[in-house]
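1. Pasting a predicted model and its sequence here:
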Amino acid sequence: MKKLLILFILLSTFGCKKYVVSIEQPTNMKLDKLKLEVLLDKKKVQDINLNATNALPSYETVALSTSGDGKHLLQVKVKDTVFSYDINYPEEKYILLTAHLKENGKIHIGLLKQQYKFRFQR
C-alpha cells in the first residue's frame, strides 16, 4: 500500500502541467507591505505581501496548475485595480511579475512571459 501511495504521488507530481510565476519584491520603499491577490481564471490562488528592500530584489515563486488546452486568464488585484493577462501553456510557462510605482503615484504591474526559466543574476 505504501509503494502504491508513493507511486501515485510521483505520477501526480511529474504529470502536472504548471505555470511558474515569480513575483519580484520591490526596491521602492513606497511599495512595502503592499498586498497582491493572484487569480487564475477569476479564482483566487495566492495572496502575496510585497516586502521592499534596499538591496537587490528577491523573488517569491508560485506554481499554478494548468488545465486542458493551457489557455488561462491570469489576474493580479492591487487595491482597487485588476491587471489581466492572457497566458498560454507551454509557450508562456515562466512568468515574472513586477510592481512599479508610476510618477503619478499609481501602481502598475509589469509582466514578462517566456517558455524557459528566467536567470536571475546576483
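-> Cool, got the structure.

2. how near is Leu112 to Asp32?
-> Distance of Leu112 to Asp32, computed by CB to CB, to the nearest Å: 23 Å. Every C-beta, even on glycine, is put in place using the N, C-alpha and C of the backbone.

3. go on, His108?
-> Distance, His108 to Asp32, using CB to CB: 17 Å.

4. all helices of the chain, in order?
-> Applying DSSP state H to the chain gives helices spanning 2-15.

5. quick one: low-confidence ranges for it?
-> For the chain, applying pLDDT under 70 flags the ranges 1-16, 120-122.

6. at 50 what do you get?
-> Low-confidence segments of the chain (pLDDT under 50): 1-14.

7. center of it - which residue?
-> Using CA atoms, centre = their mean, the residue of the chain that lies closest to the mean C-alpha position is Val21, 3.0 Å off.

8. Tell me who's in contact with the nearest residue to Lys18 once chain neighbours are set aside.
-> Nearest-residue entry for Lys18: Ala63, 4.5 Å, with adjacent residues in sequence omitted and distances by CB to CB, 6 or more residues apart in numbering. Ala63 sits next to 18-21 when contact means CB atoms under 8 Å, 6 or more residues apart in numbering.
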